[in-house]
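In: just need the structure, nothing else, for what follows:
(chains A and B)
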Protein chains: 2
Amino acid sequence: MTPVWRRIAFVLVSVAALAGAVASMVPASGQADGEAAPIFGVRIPPGYRDWRLISVAHEEGKLNDLRAILGNDVAIEASRDGTLPYPDGTIIARLAWSYDPLAESARAFGSPQSFVAGPPKNGVQYMVKDSRKHASTGGWGFAQFDDGKPASEAVHNACFACHETVKTRDFVFNRYAP
Amino acid sequence: MTPVWRRIAFVLVSVAALAGAVASMVPASGQADGEAAPIFGVRIPPGYRDWRLISVAHEEGKLNDLRAILGNDVAIEASRDGTLPYPDGTIIARLAWSYDPLAESARAFGSPQSFVAGPPKNGVQYMVKDSRKHASTGGWGFAQFDDGKPASEAVHNACFACHETVKTRDFVFNRYAP
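Out: Residues are numbered from 1 along each chain as shown, chains lettered A, B, ... in the order given. Down below sits the predicted model:
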């Protein structure tokens, strides 16, 4: 019979191997399989809706939405510490929803004053830091997906030009909301 | 000399005991030690800033803030599934920040249109579901902390009256933003 310690060691090694196998199913970039956005080749990162919150915003004008900025662990850590430039592996996700008045709150407060997130709007955008791959755009790859489908090349051509206005903040508009 | 398998078993048992000891430092309610808010006795839940996002909102008028609703795992699951009433153990956190125009975005877009989260404002509020403990207020305990200190009893007296307007949604104003 195999000694007990050998069986325990076998179990431990098997668990480690299984963990390794599971980890290898997700590419090192943290990006899932799926259609790649034009120009930068960025794909929708798996599990991004579970990421932690960096900040929130409201866009007036044509965009007219409520938005949330989420970040993967690298992004959250860098945002909290104010690390610039953001390290490779950073992924920032910008979600947005319709800017809708909340009727129940108007009743509670006696006048309309609460605006809440309605259905998704203006797509979901990602910034992925890979200083080698995206060297010509400040190390960032940009992507927008509308209903899970990559937006046009024209849309993606506009990303960097706009984000260049915040070059001193490593091309990132948002700041961590404590 | 102690056999190897005994030593391995000892390490495993020690690790399990340590994990148990650490777990026992956090009360079963998931709430940290710290000053309790009046009336409901709710304390600031540990690690709430790392919780996942339920939704976002903008309050106009006197409140004039941008806010995010975060939830612990029970809250996120219930919100996503539309489970009503929310199960015991649900904790919902409402964070809020000053509603600030973003100068860099005004430059990028050619006119002011982006409003972002500034410094924290209007305290942090929590709703904690415990259908026995808070039976007289729909099963919810309410709390507001300003700079980490519980708000007054008067503030806490106002919570339930307002949330009663959304009794059909188990007293919760927010809806999950996909």
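In: any low-confidence regions in chain A?
Out: In the predicted model of chain A, residues A:1-33 satisfy pLDDT under 70.
In: what strands line up against the lengthiest strand in it, and which way round?
Out: Ranked by number of residues, the top strand in chain A under DSSP state E is strand A:91-101. In the sheet, strand A:91-101 lines up against strand A:65-71 (antiparallel), strand A:114-120 (antiparallel), strand A:124-129 (antiparallel) (DSSP bridges).
In: pull the distance from the second one to the chain's centre.
Out: On the basis of CA atoms, centre = their mean, to the nearest Å, strand A:114-120 sits 20 Å off its chain's mean C-alpha point.
In: please enumerate residues in contact with that strand?
Out: A:58, A:66, A:95-102, A:105-106, A:147, B:55-60, B:173-175, B:177-178 (CB atoms under 8 Å, 6 or more residues apart in numbering or on different chains). Just so you know, the C-beta spots here come from the backbone N, C-alpha and C atoms, and that holds for glycine as well.
In: any idea how far A:Glu104 is from A:Ala154?
Out: 40 Å (CB to CB, to the nearest Å).
In: between those two, which is the more surrounded one?
Out: Of the pair A:Ala154 and A:Glu104, A:Glu104 is the one with more neighbours under other CB atoms under 10 Å in any protein chain shown, namely 16 against 8.
In: in three-state terms, label that one for me.
Out: Classification of A:Glu104 by DSSP: H, G, I helix; E, B strand; the rest coil places it in helix.
In: tell me the contacts of it?
Out: B:165-166, B:169, B:173.
In: how close does the spatially most central residue of chain A get to chain B?
Out: The residue lying closest to the centre of chain A (CA atoms, centre = their mean) is A:Ala93, at 2.4 Å. According to CB to the nearest CB, to the nearest Å, A:Ala93 stands 11 Å off from chain B.
In: go ahead and confirm that residue touches A:Val128.
Out: No. Using CB atoms under 8 Å, A:Ala93 is not in contact with A:Val128, being 9.8 Å away.
In: need the overlap of contacts for the two.
Out: A:Pro45.
In: one step back: buried ones from the contacts of strand A:114-120, can you make that a PyMOL selection?
Out: The buried residues among the contacts of strand A:114-120 can be selected in PyMOL (16 or more other CB atoms under 10 Å in any protein chain shown) with this line:
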select buried, (chain A and resi 58+66+95+96+97+98+99+100+102+105) or (chain B and resi 55+56+57+58+59+173+174+175+177)
